[in-house]
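Trainee: following is a predicted model, sequence given first.
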Amino acid sequence: MIWPGMDPDVLPYGQIAFAIAVLLIAGGLLGLLWLNVFERGKWLLAISWLGCVAYEIAHVIILYYWGNNIDQTFKPLGAMLIGIGMVACEIAAIRAKVWMGWSRLAPLLLGVYFFVGPLVVRLP
């Protein structure tokens, strides 16, 4: 879906850049698993992982059917799953008392972004 005012020649590069960003988020989730941050809440990372997979499926569909106007069902689902998963991970990280300082709030900020970011873009 191309919004008014967007250049259709530049938009695929933005989709590719955002797909790379989602892959980096998935790498960060692997890092959280590797660091053993969550003692009992490792399954919470699966929620965010499913969101990353849904986002990447959406990007492949968007880039494959570029000229067509298709419904994006995987992209909102991916954003919702990443947001819910990261907020749940934040709760688990606070309860585990593993991190101190600003790094303790990083999963919460990432989770809130997926809910607040699209709303800010839609404002006139």
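Mentor: Thanks, I have the structure now.

Trainee: grab the nearest non-local neighbour of the spatially most central residue of the chain.
Mentor: Nearest to the mean C-alpha position of the chain, by C-alpha atoms, centre = their mean, lies Ile82 at 4.7 Å. With sequence-adjacent residues excluded and distances taken as C-beta to C-beta, 6 or more residues apart in numbering, Ile82 is closest to Gly51, at 3.5 Å. For every residue, glycine as well, the C-beta is placed using N, CA and C.

Trainee: regarding that neighbour, what is its secondary structure?
Mentor: Under DSSP: H, G, I helix; E, B strand; the rest coil, Gly51 falls in the helix class.

Trainee: correct me if wrong: it contacts Met80.
Mentor: Yes: assessed by C-beta atoms under 8 Å, Gly51 is found in contact with Met80 at 7.1 Å.

Trainee: the two: who's more crowded?
Mentor: More crowded of Gly51 and Met80, by other C-beta atoms under 10 Å: Gly51, with 26 against 15.

Trainee: roughly how far apart are the residue nearest to Ile82 and Asn36?
Mentor: Gly51 sits at a distance of 22 Å from Asn36 (criterion: C-beta to C-beta, to the nearest Å).

Trainee: go on, Lys97?
Mentor: Going from Lys97 to Asn36 by C-beta to C-beta gives 14 Å.

Trainee: against Ala58, how distant is the residue nearest to the centre of the chain?
Mentor: On the measure of C-beta to C-beta, Ile82 and Ala58 end up 12 Å apart.
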